[in-house]
Structures are given as structure tokens and as C-alpha cells.
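Undergrad: just a sequence and a predicted model for now, questions to come.
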Amino acid sequence: MPSILVLHGPNLDALGAREPDVYGRVTLAEIDRRLRELAGSLGCEVESVQSNHEGVLIDALYAARPRVDGFLINPAGLTHTSVALRDAIAAVGRPAVEVHLSNPAKREAFRHHSMVSGVAIGVVQGFGADSYCLGLRALVSYLGEPTHRVQTTS
């Protein structure tokens, strides 16, 4: 059974209240609930970590490496600035799907470049909370391909 770590970056703990015209009214707890339900139907397990601190997210990546098959990550504001997060995703050697609630290409110019996309197997953006579920489906499908299976130590 594939195991997926979901990483939620800075300010995502304020979903539902923070800029609802951009991010919607769905809370992070609701997104995590939807992901757990979907994971059950897809035959995988998910665990979630949210932090407003870059180092906590990087530590979570490395700590999860031995037990997870892939990562679903919304780096939030770190998308555009964090070489360290990008390097950690590359270093852990597990497939990652980058997700965003909004479509960064339709927003401010500084949001148009992602440090993470180059080390992700794919990006899902612009579908609100559904971006997470679409990303999870894609990651589980990817992991189901014999050439993409990862051996974990658990």
C-alpha cells in the first residue's frame, strides 16, 4: 500500500479565512479530511504536516524518506523562494507532485516561477481544494506503474 506524505507550506493553516477570494473557504482540516477519504478509496495511506517554517518542512521530508513512497506538496510562498526546499525534494529521491489552490500564472509576476516544479513529477494548480485530490490521484497512479515503484524500508 503506497504511503504519501502531504506537506502544506506557510500560511495554509489559515485557509478558509485568509483571502477567500483567492484561496476559497475550504479549511486545511477539510482538505486533509478529503485526502484521507480519497486515500482510502485509492488504497494508499496519507499523513499530513503543515508548517510556517521552511526548516520544519525540510526536516519532515528527510524524516519521512524511509517510510513513504512519495510526496504531495503545496510549498505556498516557499514555491518562489526556497532553493533549500527544492534541494531537499531532489535529495530524498521520492516522486513529488506540487499542488497549488490558485493558478500562480494568473497572479503577480513574482509567483510565475516555481523553484519546486523542476524536481516534481508534475504540478496541479488552479482547482482550489480539488488540486490536492487531483494531485494525490496522479501520484498514486504514477506510483502504480512498475517502473516507478519505490522501495521503502518499512
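TA: Yep, that arrived. Residues are numbered from 1 along each chain as shown.

Undergrad: SS state for Glu98?
TA: Secondary structure state of Glu98, per DSSP: H, G, I helix; E, B strand; the rest coil, is strand.

Undergrad: from Asp87, how far off is it?
TA: 15 Å (C-beta to C-beta, to the nearest Å). C-beta here means a position set from N, CA and C on the backbone, and glycine is covered the same way.

Undergrad: touching, Gly43 and Met1? I think so.
TA: Yes. Assessed by C-beta atoms under 8 Å, Gly43 is found in contact with Met1 at 5.9 Å.

Undergrad: residue ranges with poor pLDDT in the chain?
TA: Counting by pLDDT under 70, the chain shows low-confidence ranges at 20, 22-24, 106-107, 110-112, 147-154.

Undergrad: how about the strands in it?
TA: 3-8, 45-50, 70-74, 96-100, 122-125 (DSSP state E).

Undergrad: need the contact list for the nearest residue to His100 once chain neighbours are set aside.
TA: Closest residue to His100 apart from its sequence neighbours, by C-beta to C-beta, 6 or more residues apart in numbering: Gln125 at 3.9 Å. Taking C-beta atoms under 8 Å, 6 or more residues apart in numbering, we find Gln125 in contact with 98-105, 131.

Undergrad: of these, which is the most crowded?
TA: Val99 (30 neighbours; other C-beta atoms under 10 Å).

Undergrad: these two touch, right, it and Leu72?
TA: Yes. Between Val99 and Leu72 there is a contact at 6.2 Å, judged by C-beta under 8 Å.

Undergrad: overlap of the contact sets of the two?
TA: 132, 135.
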